[in-house]
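1. sharing a sequence plus its predicted fold:
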Amino acid sequence: MTYSEIVLASASPRRRLLLESAGVAVVTRPADIDEQLLADEPPEVYVDRVARMKAATIADTRPVLAADTVVVLDGVVLGKPASDEDAWRTLRALSGRRHVVMTAVVLRLGTMLYTHRECSWVTMRELDDASLGWYISTGEPRDKAGAYGIQGHGVGLIEQVEGSYTNVVGLPLVQTLALLRRARITA
């Protein structure tokens, strides 16, 4: 069956833009779920669970695409900062360090699930107090896992990315398009 569009179970303008830039017609229907990390839940289990919950929440006959992205440092999931002070602590912890950005992607087509988990390794440059203060003053860290956005002002914080750049933005595009092809949604 051919679909003219997919449903993106996300409010992320970055995910929508990435898909549309690849020619995928998208309708957004954000999933309203509890994204609480469970006690002793490993990052890969957490990110897979949340993406699956997002996909399951949206009732639609069209293909539903859901994703969840986390930043992991020393095995600990770094969520979105609750405040500027929290962003400062998170960015200070990442400063000069290599960490993992992990995204789980789930495509639901009827009762079929197509899944993929992508990991990229990011090295943040050593940040001084002036750099931290400036970046936090932009407001960009407030709604970003790990308190930074590589697609915005945060690009200046990054020394190196190993793996998928779009994964760090929030959706591993090449791998997501492969899922859509596998499900015969796109060519």
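-> Received the coordinates, thanks.
2. report the longest helix in the chain, please.
-> Assignment by DSSP state H gives helix 43-57 as the longest helix of the chain.
3. average model confidence for the helix or strand following that helix?
-> Later in the chain than helix 43-57, the nearest helix or strand by DSSP states H and E is strand 64-73. The average pLDDT within strand 64-73 is 97.
4. packing partners of strand 64-73?
-> strand 6-8, helix 43-57, strand 76-78, helix 84-94, strand 98-109, helix 173-182 (3 or more C-beta pairs under 8 Å, 6 or more residues apart in numbering; DSSP states H and E). Glycine gets a C-beta too; all of them are placed from N, C-alpha and C.
5. let's go with 7 Å and repeat that
-> Secondary-structure packing of strand 64-73 (3 or more C-beta pairs under 7 Å, 6 or more residues apart in numbering; DSSP states H and E): strand 6-8, helix 43-57, strand 98-109.
6. so residue 142: helix, strand or coil?
-> Here residue 142 is recorded as helix under DSSP: H, G, I helix; E, B strand; the rest coil.
7. contact partners for residue 24?
-> Residues near residue 24 by C-beta atoms under 7 Å, 6 or more residues apart in numbering: 6, 180, 186.
8. lowest-confidence one in these?
-> residue 186 (77).
9. skipping its backbone neighbours, what lies nearest that one in space?
-> Excluding the flanking residues, the one nearest residue 186 by C-beta to C-beta, 6 or more residues apart in numbering is residue 180, at 4.4 Å.
10. tell me how many other residues surround that neighbour.
-> 21 (other C-beta atoms under 10 Å).
11. sorry, back to before: chain center to the longest helix of the chain: distance?
-> 12 Å (C-alpha atoms, centre = their mean, to the nearest Å).
12. CA-only coordinates of it, as CSV, when you get a sec.
-> Written as CSV, here are the backbone C-alpha positions of helix 43-57 (Å, rounded to 0.1, in the frame of the first residue of the first chain):
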residue,chain,number,x,y,z
PRO,A,43,19.8,3.9,28.7
GLU,A,44,19.2,1.6,25.7
VAL,A,45,16.2,0.0,27.4
TYR,A,46,14.8,3.4,28.3
VAL,A,47,15.1,5.0,24.9
ASP,A,48,13.6,1.9,23.2
ARG,A,49,10.7,1.8,25.7
VAL,A,50,9.9,5.5,25.3
ALA,A,51,10.0,5.4,21.4
ARG,A,52,7.7,2.3,21.4
MET,A,53,5.3,4.0,23.8
LYS,A,54,5.1,7.1,21.6
ALA,A,55,4.3,4.9,18.6
ALA,A,56,1.7,3.0,20.4
THR,A,57,-0.1,6.1,21.7
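13. circling back: switch the helices and strands packed on strand 64-73 over to CSV; also include mean neighbour count and distance to residue 69.
-> Listed next are those as CSV, based on neighbours: other C-beta atoms under 10 Å; distance: least, C-beta to C-beta, whole Å:
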stretch, mean neighbour count, distance to residue 69
strand 6-8, 23, 14
helix 43-57, 20, 7
strand 98-109, 22, 4
